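J.: Let me see the structure of the following:
(one chain, ligands or ions: 1)
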Amino acid sequence: MSLDLGLPALERAEPRLMRAEPLLTMSGISKRFGNVRALRNVDAKVYPGEVMGIVGESGSGKSTLLRMMNLEDTPDTGDYTLRLPGRENENLFDLARYERRMLCARHIGIVYQNPHLGLLMKHSSSGNVAERLLIAGERSFDVLRDKAREALDASEFPLDRMDARPIELSGGMQQRVQLAKAIALEPALLLLDEPTTGLDVSVQALVLDTLKRLQRDRKITMVLVSHDLGVIRTMADRVMVMRHGEVVEQGLADQVFQDPQHAYTQQLVHAKL
Ligand SMILES: Nc1ncnc2c1ncn2[C@@H]1O[C@H](COP(=O)(O)OP(=O)(O)OP(=O)(O)O)[C@@H](O)[C@H]1O
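T.: Numbering: from 1, shown residues only. Model prediction:
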């Protein structure tokens, strides 16, 4: 019996992952910037503990969607819920600015491709991590320092450099500081926007190893945006393929890569082989 019965052609059945309720649900997300339709009626579900990869060509809407997940931007239409205690049925786009900020500080971590977006480059690395804890209400200096140290260590950042400013660090180390800041409060959701793009291949592999270890040890739910199919293949359990602001295909990463159904995905996969 086919498990695909009743599902749209390009949305495969994923019975094992769907045992749990989704942590993240987005529905009907559309966004225009002037004449550009950046997102068109996008639906997304992310399940607890999985890595969802979002792949697609430049301008396909990947970063815009991730910014929505981080509540940095609001769509023209669409709903967004996270299964957090007491917030299950709340459309997070309806929250006031301060509430969004607090919810993000407490429950969502993000690593940007450009460290200038995520870090204060002239503050110490430990201070950058502590800042996240301060926003969430922590005030004790000793606790701030200990928690910052723990998060930096978990991100495999060399602790003898924790007082160095990001501006003095290599690209790979800057990404580790962003990661430490993102995981310091053990977020429900970790968003990664091209976290290794622009790094040397060997550094990229080390940072991906750290992410994999964190995911394995802490079961952090991750959404990883990348234009690099190799990165998505290494990391993702499931994948969403975007083109021109739409999701053209989604499913288990292995299935999508081994047997792509949409012509655009076939083109992406074959271009990479
Ligand atoms: N703030 C903005 N103002 C105007 N247009 C924007 C804005 N943000 C995104 N866009 C446009 O929306 C579309 C989607 O952009 P987005 O950055 O989400 O794509 P992407 O898939 O992440 O691309 P890349 O891989 O190059 O980062 C693009 O055409 C982009 O130019």
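J.: How many residues are close by residue 94?
T.: Counted by other Cβ atoms under 10 Å, the residues lying close to residue 94 total 11. Just so you know, the C-beta spots here come from the backbone N, C-alpha and C atoms, and that holds for glycine as well.
J.: Need phi/psi at it.
T.: The phi/psi pair for residue 94 (degrees, to the nearest 10) reads phi -80, psi -10.
J.: separation between it and residue 112?
T.: 25 Å (Cβ to Cβ, to the nearest Å).
J.: Could you do residue 158 as well?
T.: Residue 158 sits 22 Å away from residue 112, taking Cβ to Cβ as the criterion.
J.: Just want to know which of these two has more residues nearby.
T.: Neighbours per residue, other Cβ under 10 Å: of residue 158 and residue 112, the larger number sits with residue 112, 21 against 13.
J.: wait, what's in contact with the more buried one?
T.: Residue 112 makes contacts with 118, 178, 193-195, as judged by Cβ atoms under 8 Å, 6 or more residues apart in numbering.
J.: between those, which has the most around it?
T.: When neighbours are taken as other Cβ under 10 Å, the top entry among the contacts of residue 112 is residue 195 (30 neighbours).
J.: Would you double-check that that residue falls in a strand?
T.: No. Using DSSP: H, G, I helix; E, B strand; the rest coil, the assignment for residue 195 is coil, not a strand.
J.: That one - nearest residue in space that isn't next to it in sequence?
T.: Of all residues not flanking residue 195 in the chain, residue 111 sits nearest, at 4.6 Å (Cβ to Cβ, 6 or more residues apart in numbering).
J.: Pull the number of nearby residues for the nearest residue to residue 210 once chain neighbours are set aside.
T.: Spatial nearest neighbour of residue 210, excluding adjacent residues (Cβ to Cβ, 6+ apart): residue 156 at 4.8 Å. Using other Cβ under 10 Å, residue 156 is surrounded by 17 other residues.
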